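> Okay, sequence plus prediction incoming.
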Amino acid sequence: MTSLPLPPRPQNLATKIGILGSGFIVNDCHLPSYRTAGFNVAAIASRNPDNAAKVAAAHDIPTTYPTFEALLDDPTIEVLDIAVPPQFQLELIKAACQRGTAKAILAQKPLALNYTDAVAAVEACEAAGITLSVNQNMRYDPSVRVATHLLESGQLGDAIFATIDMRGIPHWQPWQADTGSASLRIMSIHHLDCMRHWFGNPDRVYCSTRPDPRTTFPHSDGICTTILEYDTGMRAVVVDDVWTGPAREGCPADIRIEWRIEGLDGLAIGEIGWCQDPYTTPSAVRFARKGDADFTAPDLKESWFPDAFADTMGQLLVAIESGEPPAIAARDNLHTLALVEAAVLSAIEHRAIDPATISP
């Protein structure tokens, strides 16, 4: 691999984007990444108008609306970037569809806290003629992009076994306590979507969980081991461990997110630049093929947070320009939600679940 193909970027940078939400993910990820890409963020609104005003001032956003409804009423906004907790997304998506002025919506993951609401969001946008995409931004982490290129170009041969191993302590947001999930719907969803992105939909999933001793809000999934089975023989394992040992209680820490793909013809190993010090540590990757004398290790300059966020918005803007479905289409993302729901059900019932059996 001499160079990594760049994700498609829009030709028209004047498309007016309106952001709903002003929390950490907007201030620290969306807006810095959009500014670097040259996107036109025209307006912002939040449940907390004062915070929206502060974020607007920090990022030179020209218009701050006092309510979500006021922003939705602006007919000049072409793309909505919804960055609110998942339990509130469906209401805003339906409100945007009722107005019918936006061309596209980028929603946060998970699209909803249950499969039924996710389907409702997808169907509402399809009926309104609005393109809906989901911000599964781990797909655009630079090391993940290298792996995607290696797989799609056949350089690793047929995939045999893959793992994603997270030993990291996320920055819990207050709204997450309302979800009842510490990992499966919050962090595991990224890793399960990534496996789907690489290898397609699994035929069965088995998940085992236990609570995290450190996390105080009610949950059962602080530590999760999820096995994805493919009838081809391919196996994938996702380990999500937000405990990581007593890393905040006096023990030396080993904080990291690593992935590994073993193919018939090669091996690739990556490390995600997230939950480290400094926070925006570049991701890393190395790979080798049969006959290579040593690993190749491209010099990656970017990190998952915040750099990947320009690519999730970028793929949606490209879809508007081209008239083609976005790379992360919400209809396809229902398979990711089904995989998460299957993992939740598997952990409860202690059995393997076919994600295809998940339905509203």
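Sure thing, it's come through.
> those strands in this structure, which residues are they?
16-20, 40-45, 63-64, 79-82, 104-107, 131-134, 159-167, 204-210, 223-229, 235-241, 256-263, 266-271, 284-289 (DSSP state E).
> tell me which residues of the fourth one are tucked away?
It stands for strand 79-82. Buried residues in strand 79-82, counted by 16 or more other Cβ atoms under 10 Å: 79-82. Where C-beta positions appear, they are placed from N, C-alpha and C, glycine not excepted.
> want to try a markdown table for those residues, with distance to residue 125 and pLDDT as columns?
Below are the buried residues of strand 79-82 laid out as a markdown table (distance: Cβ to Cβ, whole Å; pLDDT from 0 to 100):
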| residue | distance to residue 125 | pLDDT |
| --- | --- | --- |
| 79 | 13 | 98 |
| 80 | 11 | 98 |
| 81 | 14 | 98 |
| 82 | 11 | 98 |
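> What is the burial count for residue 94?
Other residues within reach of residue 94, judged by other Cβ atoms under 10 Å, total 14.
> swap in residue 69?
Other residues lying near residue 69 total 12 when counted by other Cβ under 10 Å.
> Quick one: residues contacting it.
Contacts for residue 69 (Cβ atoms under 8 Å, 6 or more residues apart in numbering) come out as residue 95.
> Next one: the residue nearest to residue 114 when sequence neighbours are not counted, what pLDDT does it get?
Excluding its sequence neighbours, the residue lying closest to residue 114 (Cβ to Cβ, 6 or more residues apart in numbering) is residue 341, at 7.3 Å. For residue 341, the model assigns a pLDDT of 97.
> Excluding residues flanking it in the chain, which one is nearest residue 73?
residue 99 (7.0 Å).
> mind listing what the one you found touches?
Residues near residue 99 by Cβ under 8 Å, 6+ apart: 72-73, 75.
> Which one of the strands of the chain lies nearest to residue 350?
strand 204-210 (7.8 Å; Cβ to Cβ).
> Would you indicate which residues of the closest one are buried?
204-207, 209.
> can I assume residue 22 is in contact with residue 51?
Yes - with contact defined as Cβ atoms under 8 Å, residue 22 counts as touching residue 51 (4.7 Å).
> More neighbours: which of these two?
Counted by other Cβ under 10 Å, residue 22 and residue 51 do not tie: residue 22 has more neighbours, with 26 against 16.
> For that one, give me the pLDDT.
96.
> do the one 4 residues further on as well
The model reports residue 26 with a pLDDT of 97.
> which residues touch the residue lying closest to it once chain neighbours are set aside?
Counting by Cβ to Cβ, 6+ apart, residue 83 is the residue found nearest to residue 26 once chain neighbours are left out, at 4.9 Å. The contact partners of residue 83, by Cβ under 8 Å, 6+ apart, come to 19-21, 23, 25-26, 30, 108, 135.
> Below-threshold pLDDT in this structure: ranges please.
Across the chain, the ranges flagged by pLDDT under 70 are 1-3, 278.
> can you rerun that using 90?
Counting by pLDDT under 90, the ranges of the chain that qualify are 1-9, 170-180, 273-281, 360.
> Quick one: residues contacting the residue nearest the centre of it.
In the chain, the C-alpha closest to the average C-alpha coordinate belongs to residue 136, at a distance of 2.6 Å (Cα atoms, centre = their mean). Residue 136 is in contact with 109, 189-190, 193, 197, 312, 328, 333, 336, counting by Cβ under 8 Å, 6+ apart.
> would TSV of those residues with distance to residue 285 be doable?
Converted to TSV, those look like this (distance: Cβ to Cβ, whole Å):
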residue	distance to residue 285
109	23
189	22
190	17
193	19
197	16
312	20
328	21
333	25
336	23
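> I'd like to know which of those residues is nearest to residue 122.
Taking Cβ to Cβ as the measure, residue 122 sits nearest to residue 333 out of the contacts of residue 136, at 8.1 Å.
> just checking, the closest one touches residue 111?
Yes - if you go by Cβ under 8 Å, residue 333 and residue 111 touch, sitting 6.2 Å apart.
> Between those two, which has more neighbouring residues?
Taking other Cβ under 10 Å, residue 333 and residue 111 do not tie; residue 111 has more neighbours (30 against 26).
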